[in-house]
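Visitor: Below is the structure, and that's it, no one-letter string:
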């Protein structure tokens, strides 16, 4: 049974819901867009029992858990059969899939029997990632490709994060360009409400946010470039990998590993650092770089990152082609020698989650 209030639910969300505040990019998109919607209307977020080591087949088909409640809207973890029954009863006008998950292909069954529209936010292009970066079994990669193909071809709207992302979608899928809509990632309030005057900056401090074992993030490229910089600096690497130990990169400089932080803690950490680097070969829209800019850090980024399309209109920055080690080491050397940092707080209000959500809301109503 569904309650009288739930009968009025017009939009349902699906994806990955992480109760923690230490979030990946896609997890943050799921949580923030859902939360923004709950501020004005009731909705439901559906997650799944994806962890095979924790959940058995029965749970994956018939399972139910109430995960949490946000502004009187609930987050449920449902098995496939339970999910479909729930969706048929609710009969929403729109289901917005906020992150790639294979279980969401079953949602498209509703399109055979109802007038429900399905939207999808492409935080990454899985077919491209499988081809160049993912280290999964062939069977898993085939399942990923099938799932993404269903999602891409049968979604009514596909939101992409950058022109680079759009071009990759069109490279791998012959979808109607008219259903492709641009969207951006957002900034948490703690990054937007920093004081106008930044804290005193740590001299020659560089920050890289990402896991070194993910080739697409460009950590090895950055380390190679910095090994050629014969100046004193501290490189801070914010990563999920807690087994790494600090080490000297040369006689003058040090690599320091920091565990991933909650947004508020990350803001306090970044606010007194002066250079942030996004050195990736493949990145749809780097939220971490935007967070660093909001903290008064000078951005250095590859042209291969999606955010490179907008960042130069916000602040001064330095661009480099992925793999151009000499140029990157030269840029870092110049910035250290000149003690470069941002002198004023940039206006990033357009990137608040409230404003980012408005783009979606206009498509819902």
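Guide: Sure, I can see it. Everything numeric in this text was worked out from a predicted model, so none of it was measured. Numbers count the residues shown, from 1 in each chain.

Visitor: Check which residues of stretch 206-222 are buried.
Guide: Residues of stretch 206-222 classed as buried: 206-212, 214-219, 221-222 (neighbour count, 16 or more other Cβ atoms under 10 Å). To be clear about C-beta, it is placed using only N, CA and C from the backbone, and glycine gets the same treatment.

Visitor: Of all the residues in the longest helix seen in the chain, which ones are buried?
Guide: Ranked by residue count and defined by DSSP state H, the top helix of the chain is helix 138-154. In terms of neighbour count (16+ other Cβ under 10 Å), helix 138-154 has its buried residues at 141, 144, 147, 148, 150, 151, 152.

Visitor: ok, and what's touching it?
Guide: For helix 138-154, the surrounding residues in contact (Cβ atoms under 8 Å, 6 or more residues apart in numbering) are 97, 100, 102, 104-105, 108, 111, 118, 120, 122, 125-127, 130, 134, 136, 158, 169, 173, 175.

Visitor: in a strand, that's where residue 96 is, yeah?
Guide: Yes: judged by DSSP: H, G, I helix; E, B strand; the rest coil, residue 96 forms part of a strand.

Visitor: Leaving out chain neighbours, which residue sits closest to it?
Guide: Using Cβ to Cβ, 6 or more residues apart in numbering and skipping residues adjacent in sequence, the residue nearest residue 96 is residue 119, 4.5 Å away.

Visitor: what do you get for residue 353?
Guide: Distance criterion Cβ to Cβ, 6+ apart; nearest residue to residue 353, sequence neighbours excluded, is residue 186 at 3.9 Å.

Visitor: Could you give the backbone dihedrals for that neighbour?
Guide: Main-chain dihedrals, residue 186, degrees, to the nearest 10: phi -120, psi 180.

Visitor: I'd like to know how many residues surround it.
Guide: 25 (other Cβ atoms under 10 Å).

Visitor: pretty sure residue 182 contacts residue 160?
Guide: Yes: taking contact to mean Cβ atoms under 8 Å, the distance of 6.2 Å between residue 182 and residue 160 places them in contact.

Visitor: neighbour count winner among the two?
Guide: The residue with more neighbours, out of residue 182 and residue 160, is residue 160; 24 against 12, by other Cβ under 10 Å.

Visitor: Can you name the residues that contact that one?
Guide: In this structure, residue 160 makes contact with 122, 166, 169, 180, 181, 182, 183, 284, judged by Cβ under 8 Å, 6+ apart.

Visitor: and the gap between it and residue 359?
Guide: 12 Å (Cβ to Cβ, to the nearest Å).

Visitor: and if you look at residue 200?
Guide: Where residue 359 is concerned, residue 200 sits at a distance of 37 Å (Cβ to Cβ).

Visitor: The two: who's more crowded?
Guide: In terms of neighbours (other Cβ under 10 Å), residue 359 is the more surrounded of residue 200 and residue 359; the figures are 13 against 8.

Visitor: So which of the buried residues of stretch 206-222 belong to helices?
Guide: The members of the buried residues of stretch 206-222 that map onto helices under DSSP H are 219, 221, 222.

Visitor: from those residues, which is closest to residue 19?
Guide: residue 219 (28.1 Å; Cβ to Cβ).

Visitor: give the contact list for the closest residue in space to that closest one that isn't next to it in sequence.
Guide: Using Cβ to Cβ, 6+ apart and skipping residues adjacent in sequence, the residue nearest residue 219 is residue 212, 3.9 Å away. Under the criterion of Cβ under 8 Å, 6+ apart, the contact list for residue 212 reads 219, 220, 223, 237, 239, 241, 244.

Visitor: how close does the second one sit to residue 227?
Guide: What it means is residue 220. In this structure, residue 220 and residue 227 are separated by 11 Å, where distance is defined by Cβ to Cβ.

Visitor: cool, residue 213 as well?
Guide: Looking at residue 213 against residue 227, where the rule is Cβ to Cβ, the gap reads 18 Å.

Visitor: Show me what the helix or strand where residue 131 lies packs onto, helices and strands only.
Guide: Element membership for residue 131, per DSSP states H and E: helix 126-132. Helices and strands touching helix 126-132, by 3 or more Cβ pairs under 8 Å, 6 or more residues apart in numbering; DSSP states H and E, are helix 138-154, helix 163-172.

Visitor: ok, residue 291 touching residue 191?
Guide: Yes: counting by Cβ under 8 Å, residue 291 touches residue 191, with 5.2 Å between them.
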